[in-house]
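K.L.:
Whatever this is, show me its structure:
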Amino acid sequence: MSPEEAVRIFVNRLGPDRPLAVAISGGGDSIALLNLLVEARNRRQIACLLAITVDHGLRDGSDAEARQVAAWCAALDVDHVIATWKGLKPATGLQNEARLARYRLVRETAMAHGVNCVATAHNADDQVETVQMRGMRNPGRGLSGMAQSVLYQRDFWILRPLLSVRRSDLRRYLENCGKRWIDDPSNEDRRFERVRIRQDMRRFQDDIAKIEESASERTAGALEIARVIEGAVSTPHPALARMEIPPRDERAWRQALAFLLAIMGGRQHLPGAELMDRVGQFALVSAGGRMTAGRCVIEKHGDLLSVYRENRNVPTVRLEPGDSQIWDGRYEIANPSPGRTMIVAPRGVEEDELEMEGNFTALPKGLLARALPALPACSVVGDPAGESPPAEIARILAPFDLFLPEFDMTIARTCANLFGAPDYSAPPLRI
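P.N.:
Numbers count the residues shown, from 1 in each chain. Here you go, the predicted structure:
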């Protein structure tokens, strides 16, 4: 697809009334996207356009490059903001940490200007590179590639209008327009995995066809996973989830169980295939008992699995007045007090809580007592024991609450309803 056609389809789906940010590094892909969106703005197909450049400060001259981008934006009459990644940089995992910092800074900058979605210049070549990288690490659902819409931190949309466009076509568009761009030398540095994949890439068209097929399968599979969760999973208590075991192994059931383990264990990523093979074997073959997986305990009682957070390596944190923190990947806890420090720790088991089992007679004896200790308990520093602190506690669904691709929206909404978490907003792109 041509760059012009891809952006025409994108702005028609976005609608003319939604303000849009665009992430601009200065490279050819993002400069092409900027100019394509400016053309749409000039046709009044976009209400407002804000350009954001993140200066990671990882090499000499990055600040000058950001200023050059600012000058190009000024020439196009586009508001531009430079957001700088400050502080110490990690010695390992630099590219991933830089990526997370980039999204965080783009979101903060855009939201400060009243904009809740950003367009990025990921293209078809990036798509193939991403799938090949994921395939080397853990083949499976990631082979569907990047989604066109991703909800970030529950309130900010990352949109990718160029996923069907080749990088060479974007360069050709820029050359035809007489536009310049900046070549990042790190894009040729083979120390980075993506660069090695890019330089060694061969069968582009075959790869694209496989990605499109996998994406279609993932979207259809999500509907089936959501149906399994809705029909087979219950949450009799916030500390506990229970799931019916089918007569035979089913792919959707196993994937639904993987999401359940990630949520209960506070993990952003689903358990790997090898671990889920062991869990499936335990669920379908063993007569009963328990096992641990993904920071969870799994107990089998007849044709039901019970899943709860393992009472091990559960953190204790200190919340100063006005602070908030995601605790154990499962809860966001805020201390709204203007003057009292709060301690958040695993609650353990108290005698009156053990008596709660009388209200849950349908559960196996002792199950709730084993699940309760890993729930959060808040106390105020220096206050008498027993005083209830003014904590604000909200459930977190770890696989969805940082990055939620549109592929998994149906699953996320089903889980939000099940666990009493806030619903997720629909993607801004109209069907």
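K.L.:
Need the CA coordinates for the host helix or strand of T53. CSV is fine.
P.N.:
Using DSSP states H and E, T53 maps to strand 49-55. Only the C-alpha atoms of strand 49-55 are listed here, as CSV (Å, rounded to 0.1, in the frame of the first residue of the first chain):
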residue,chain,number,x,y,z
LEU,A,49,-1.4,18.0,15.4
LEU,A,50,1.3,18.0,18.0
ALA,A,51,4.8,16.7,17.3
ILE,A,52,6.8,15.1,20.1
THR,A,53,10.5,14.2,20.0
VAL,A,54,12.1,12.2,22.7
ASP,A,55,15.8,13.0,23.3
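K.L.:
strand partners of it, parallel vs antiparallel please.
P.N.:
Its sheet considered, strand 49-55 pairs with strand 20-23 (parallel), strand 79-84 (parallel) by DSSP bridges.
K.L.:
K179: how many residues sit nearby?
P.N.:
Using other Cβ atoms under 10 Å, K179 has 15 neighbouring residues. In short, each C-beta sits where N, CA and C put it, glycine included.
K.L.:
next one: the one 3 residues further on
P.N.:
Other residues within reach of I182 by the criterion other Cβ under 10 Å amount to 19.
K.L.:
Ok, I263 next?
P.N.:
The number of residues packed near I263 is 28, by other Cβ under 10 Å.
K.L.:
re the thing from before, any idea of the mean pLDDT in the strand holding T53?
P.N.:
For strand 49-55, mean pLDDT is 97.
K.L.:
quick one: which of the strands paired with strand 49-55 is nearest S2?
P.N.:
Of all the strands paired with strand 49-55, it is strand 20-23 that lies closest to S2, at 18.9 Å by Cβ to Cβ.
K.L.:
What mean pLDDT does that closest one get?
P.N.:
Strand 20-23 carries an average pLDDT of 98.
K.L.:
and I82, what is it in contact with?
P.N.:
Contact analysis of I82 by Cβ atoms under 8 Å, 6 or more residues apart in numbering lists 53-55, 66-67, 69-70.
K.L.:
list the helices and strands the longest helix seen in the chain packs on?
P.N.:
Determined from DSSP state H, the single longest helix within the chain is helix 204-232. Contacts defined by 3 or more Cβ pairs under 8 Å, 6 or more residues apart in numbering; DSSP states H and E place helix 204-232 against helix 124-137, strand 240-244, helix 251-265, helix 409-419.
K.L.:
Can you say which of the ones you listed is packed in most?
P.N.:
Among these, helix 251-265 has the highest mean neighbour count (mean count of other Cβ atoms under 10 Å), at a mean of 23.
K.L.:
quick one: that helix to helix 204-232, angle?
P.N.:
Relative orientation of helix 251-265 and helix 204-232, computed by axes from the mean of the first three to the mean of the last three Cα atoms, to 10 degrees: 70 degrees.
K.L.:
Point out the other helices and strands that helix 251-265 packs with.
P.N.:
Secondary-structure packing of helix 251-265 (3+ Cβ pairs under 8 Å, 6+ apart): helix 204-232, strand 240-244, helix 273-285, strand 296-301, strand 304-309, helix 398-401, helix 409-419.
K.L.:
quick revisit: just checking the distance from the longest helix of the chain to the centre of its chain.
P.N.:
Counting by Cα atoms, centre = their mean, to the nearest Å, helix 204-232 is centred 17 Å from the centre of its parent chain.
K.L.:
what's the following helix or strand after that helix?
P.N.:
Next along the chain after helix 204-232, taking DSSP H and E as the criterion, comes strand 233-237.
K.L.:
Under the pLDDT cut-off, which ranges of the protein? List them.
P.N.:
For the chain, the stretches with pLDDT under 70 are 133-143, 184-206, 208, 350-361, 383-389.
K.L.:
domain ranges for it?
P.N.:
Per automatic domain parsing, the structural domains of the chain span 3-202, 213-310+397-419, 317-395.
K.L.:
So which of those is nearest I431?
P.N.:
Taking Cβ to Cβ, domain 3-202 is the member of those nearest to I431, at 7.8 Å.
K.L.:
show me where the stretch 301-431 of the chain has helices.
P.N.:
351-354, 367-371, 398-401, 409-419 (DSSP state H, counting those that start in this stretch).
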